[in-house]
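[1] next one to model:
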Amino acid sequence: MMRKGLAGQRLVAVFIAGVLLLNFPLLSLFDRPLRIFGVPLLHLYLFVVWGGLIVAVGWIAERGAR
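    From the prediction side, this is the model:
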């Protein structure tokens, strides 16, 4: 029982981190005319953060299933 509560709290923390990481003030830091391996910096940032959030949610869900 305690485990599910902890997993829920972690998922809420990931949600809040996602809201903060994908909000305007942070996005404006990466909106530069810079390309890394031909990919604009903002697009790279968005996909890395998005992928990281998916990995974090998957890790929490798998850990909670054990």
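
[2] mean confidence score for the host helix or strand of Pro25?
    Assessed by DSSP states H and E, Pro25 sits inside helix 24-29. Average pLDDT, helix 24-29: 94.

[3] and whatever helix or strand comes next after that helix, what does it pack against?
    Scanning forward in sequence from helix 24-29 by DSSP H and E, the next helix or strand is strand 35-36. Counting contacts by 3 or more Cβ pairs under 8 Å, 6 or more residues apart in numbering; DSSP states H and E, strand 35-36 is packed against no other helix or strand. Bear in mind the C-beta positions are built from the backbone N, C-alpha and C, glycine included.

[4] state the mean pLDDT of the helix or strand following strand 35-36.
    Sequence-wise, the next helix or strand downstream of strand 35-36 (DSSP H and E) is strand 39-40. Averaging pLDDT along strand 39-40 gives 96.

[5] list the pairing partners of strand 39-40 within its sheet, with orientation.
    strand 35-36 (antiparallel) (DSSP bridges).

[6] what are the bridge partners for Ile36, then?
    Val39.

[7] tell me how far Ile60 lies from Gln9.
    10 Å (Cβ to Cβ, to the nearest Å).

[8] of the two, which one has the most company?
    Legend: neighbour count by other Cβ atoms under 10 Å for Ile60 and Gln9, higher for Ile60 (18 against 11).

[9] and that one, what does it touch?
    Ile60 makes contact with Ala7, Arg10, Leu11, Val14, according to Cβ atoms under 8 Å, 6 or more residues apart in numbering.
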